[in-house]
Structures are given as structure tokens and as C-alpha cells.
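K.L.:
With the sequence up front, the predicted model follows.
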Amino acid sequence: MNTLETLFATIEARKTADPDSSWTAKLLAKGPEKAAEKFGEEAVEAIIAAVKNDRENLVYESADVLYHLLVMLAARDVTLSEVLAELERRQGTSGIAEKAAR
């Protein structure tokens, strides 16, 4: 199991945890909309770091983006495996061709 899979498994386990004992459980208890909002906030922070060429902060914010993406997926019962399968399906396909097929 890789780091993202381990993190996603931890997030899934937190779905039933006490929100007073876990930030993840607290975020999940607030609902999918709040999870999506937090993902958006972290994405904007990563964008700002990239624009400012702040490499150290970009690394930090990117970790936050990945974490909050996984929380948002869990909040909507989308698994990491489903997302990885979609990436695998797209592998070897030109981005231009993939977008044209939509």
C-alpha cells in the first residue's frame, strides 16, 4: 500500500470516529459541501504558492490539497481506487484526444 492509499484508508476509518477527537472526522461530519470548500481553499493556496514560485510552500500546500481531495472523495463515497482506475484508463491517451472524446 502506498502513502495515498494508507491516507485514504485512515480517512475512511475516521468516518465513524468522534469529531471531537479527529480533524478528519470533524470535517466529514460537516458534510460533503464543507469538504469540497476546504479542498478549494487548499487548491487556491497551492496556486498562490506556485505563482509566487515559493517551492517550499508549494510542497506543503500540495500535501494539503491531496489530503483534502481524499477527504472530499470519501465524503461522497468515491474511492481512491475508482480515481486511480480512471487515471489508468486514460494512460497512453493524448490529453487532446481525451478532451475531444468528452
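P.N.:
Yes, it's here. Given the structure is predicted, the values throughout are model-derived calculations rather than measurements.

K.L.:
From now on I want contacts and neighbour counts done on CA atoms only, so please keep to that.
P.N.:
Will do.

K.L.:
Spatially, which residue comes closest to the residue most central in space within the chain, not counting chain neighbours?
P.N.:
Closest residue to the average C-alpha location of the chain: residue 69 at 1.4 Å, with CA atoms, centre = their mean. Nearest residue to residue 69, sequence neighbours excluded (CA to CA, 6 or more residues apart in numbering): residue 39, at 5.8 Å.

K.L.:
Now name the helix or strand holding that neighbour.
P.N.:
According to DSSP states H and E, residue 39 maps onto helix 32-51.

K.L.:
what's downstream of that helix, the next helix or strand?
P.N.:
Taking DSSP H and E, what comes next after helix 32-51 is helix 55-75.

K.L.:
okay, the angle between the helix or strand just after that next one and helix 55-75?
P.N.:
Remark: after helix 55-75, the chain's next helix or strand is helix 80-90, criterion DSSP H and E. Orientation of helix 80-90 against helix 55-75 (axes from the mean of the first three to the mean of the last three CA atoms, to 10 degrees) gives an angle of 110 degrees.

K.L.:
quick one: low-confidence ranges for this protein?
P.N.:
Along the chain, segments meeting pLDDT under 70 span 98.

K.L.:
at 90 instead, please
P.N.:
Where the chain drops to pLDDT under 90, the residues are 1, 90, 92-102.

K.L.:
contacting residues around stretch 38-47?
P.N.:
Stretch 38-47 has contacts (CA atoms under 8 Å, 6 or more residues apart in numbering) with 57-58, 61-62, 64-65, 68-69, 72.

K.L.:
Using a markdown table, lay out those together with distance to residue 25.
P.N.:
Formatted as a markdown table, the contacts of stretch 38-47 follow (distance: CA to CA, whole Å):
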| residue | distance to residue 25 |
| --- | --- |
| 57 | 26 |
| 58 | 26 |
| 61 | 21 |
| 62 | 21 |
| 64 | 16 |
| 65 | 17 |
| 68 | 12 |
| 69 | 15 |
| 72 | 12 |
